[in-house]
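Peer 1: Predicted model follows, preceded by the sequence.
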There are 2 protein chains.
Amino acid sequence: MSRTATRAGRRRPANAPAVASLGDELLKAAAALVAERGPQGFSLREVARRARVSEAAPYWHFAGKEALLAGVAEEGFVALAALMAEVCERVKDPDRQLQELGVAYVRFALAHPSHLRVMFGPEIRDKNAHPTLKAAGDRAFGLLVRAISDGQRAGRVQQGDTEELAVAAWALVHGLSALIIDGQLRRRVPNERAAQRLATKVTKLLQMGLTRQSS
Amino acid sequence: MSRTATRAGRRRPANAPAVASLGDELLKAAAALVAERGPQGFSLREVARRARVSEAAPYWHFAGKEALLAGVAEEGFVALAALMAEVCERVKDPDRQLQELGVAYVRFALAHPSHLRVMFGPEIRDKNAHPTLKAAGDRAFGLLVRAISDGQRAGRVQQGDTEELAVAAWALVHGLSALIIDGQLRRRVPNERAAQRLATKVTKLLQMGLTRQSS
DNA sequence: AGACCGCATTTAACGGCGTTAATCTTGTCT
DNA sequence: AGACAAGATTAACGCCGTTAAATGCGGTCT
């Protein structure tokens, strides 16, 4: 095998214990390390140390540092999508659904700032090089598009390019999240309650623009 | 001298040529390197090489890698503020002024993506540790607050917490910029013209929400 | 049983990085 | 001339990502 192609590992002989394959073990350690020290302090060697394997072992399961980080980012998108899906199920009113989606995004950012940075930051240079990562991201974005589309059908959101409106909403909550976790709003947003309050207000502002017909 | 306190260097003997002191030379090289390779590929040793000095020379002028990057980030905020000030002078109508401020922000992001990342990213851990950096950032944000405040006075923007409205506007354009330069909108925004179009439309959306009275 | 093969991992090494300590140079002041 | 400090250098430490070569090791074929 030409190496790095596995990622799934060969399937266990069916009798073997459900012990996580080293690949999964590395992913878990990587996620923990990212959460602890951020994308900067992340080191492939430290991941290997935590998984109690040699420095070069990860290279059998991942093409390199970037591929391992891509796995972490993918995990992040899956978790974010799950949070968003939960909101979509719980809240059916289109207006409130959009608003709570925004708050959920900001809450995710506050709970997992380092993950968000890996998901969007420049550590992973070409997202298209990691198809499963791209797919996970698209799935999360798809939930937002769906919410906007539902709002349009219900007459609560203006007609027009659905994805473009979704990009606007995404940009707003993403920007707010970025500013918060990068400490740019520390005076104004010292704790999570303040962040949620601000997220709610800001989301409402955009929502008023979304309901009207654009010129 | 206990080192790293200079940053201004001693003043030239008045007859010496206006050759940039090594501190400035390093800053210039650092900015160029950041622009070329991004915050990831940035290396103190490479900066020293480009300035044709030894590896340890920068430590006389800057406390370390982070301090040098803080200088680059400060430069970025100054340039951004200049761009914004130009808009404020050129466009007097409050509505158009706000809109063009948003477009200018996105344009800056597209022109200097790596700078933006340094300005906001986690490479500089504590912005308060670099007071001149913080001041430069506040100055740029102040221009936005001023624009919102003018809009309120002119009756084009709803009353209410001015800074909070400014944060909303900032978040929107910052998020859009981040998504674009991180390649998240590559399908939708392949070139700069598309980016400006999108920025205009998105800014208008929020603006409609800003004009109305919030609940 | 014994030879063999391919997956999984280790050991060892290369070069680059940030940072620091010790050292040298150079110009200024007394 | 000699003291002195700013400014720069050399050399070293330990970390990093990555790669090549050597090693273990479970299953397969004869």
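Peer 2: Arrived safely, thanks for sending.
Peer 1: for chain A, longest helix please?
Peer 2: What stands out as the longest helix in chain A, according to DSSP state H, is helix A:65-90.
Peer 1: by contact count, what packs against that one?
Peer 2: Packing partners of helix A:65-90 (3 or more Cβ pairs under 8 Å, 6 or more residues apart in numbering or on different chains; DSSP states H and E): helix A:22-41, helix A:44-50, helix A:94-111, helix A:113-120, helix A:131-153. For every residue, glycine as well, the C-beta is placed using N, CA and C.
Peer 1: The first one to helix A:94-111, inter-axis angle?
Peer 2: It stands for helix A:22-41. 80 degrees (axes from the mean of the first three to the mean of the last three Cα atoms, to 10 degrees).
Peer 1: before we move on, what about the fourth one?
Peer 2: For helix A:113-120 against helix A:94-111, the angle by the same axes, to 10 degrees is 110 degrees.
Peer 1: Convert helix A:113-120 to CSV, retaining C-alpha atoms only.
Peer 2: Output of helix A:113-120 as CSV, limited to C-alpha atoms (Å, rounded to 0.1, in the frame of the first residue of the first chain):
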residue,chain,number,x,y,z
PRO,A,113,-12.7,28.5,19.7
SER,A,114,-9.7,26.6,18.6
HIS,A,115,-11.8,24.2,16.6
LEU,A,116,-13.4,27.1,14.7
ARG,A,117,-10.0,28.4,13.9
VAL,A,118,-8.9,25.1,12.5
MET,A,119,-12.1,24.8,10.5
PHE,A,120,-11.6,28.2,8.8
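Peer 1: That one and DNA strand D in contact?
Peer 2: No - judged by Cβ under 7 Å from any atom of the strand, helix A:113-120 stays clear of DNA strand D, getting no closer than 13.1 Å.
Peer 1: And that helix, what does it pack against?
Peer 2: Under the contact criterion of 3+ Cβ pairs under 8 Å, 6+ apart, helix A:113-120 touches helix A:22-41, helix A:65-90, helix A:162-181.
Peer 1: which outside residues touch that helix?
Peer 2: A:31, A:34-39, A:69, A:72-73, A:75-77, A:79-80, A:108-109, A:123-124, A:137, A:174, A:177-178, A:181, B:121-122, B:178-179, B:182, B:184 (Cβ atoms under 8 Å, 6 or more residues apart in numbering or on different chains).
Peer 1: do stretch A:141-152 as well
Peer 2: A:81, A:84-85, A:88, A:94-95, A:97-98, A:101, A:157-159, A:162-163, A:165-166, A:169-170, A:210.
Peer 1: Just the buried ones among the contacts of helix A:113-120, please.
Peer 2: By neighbour count, with 16 or more other Cβ atoms under 10 Å in any protein chain shown, the contacts of helix A:113-120 hold A:31, A:34-35, A:38-39, A:69, A:72-73, A:75-77, A:79-80, A:108-109, A:123-124, A:137, A:174, A:177-178, A:181, B:121-122, B:178-179, B:182, B:184 as buried.
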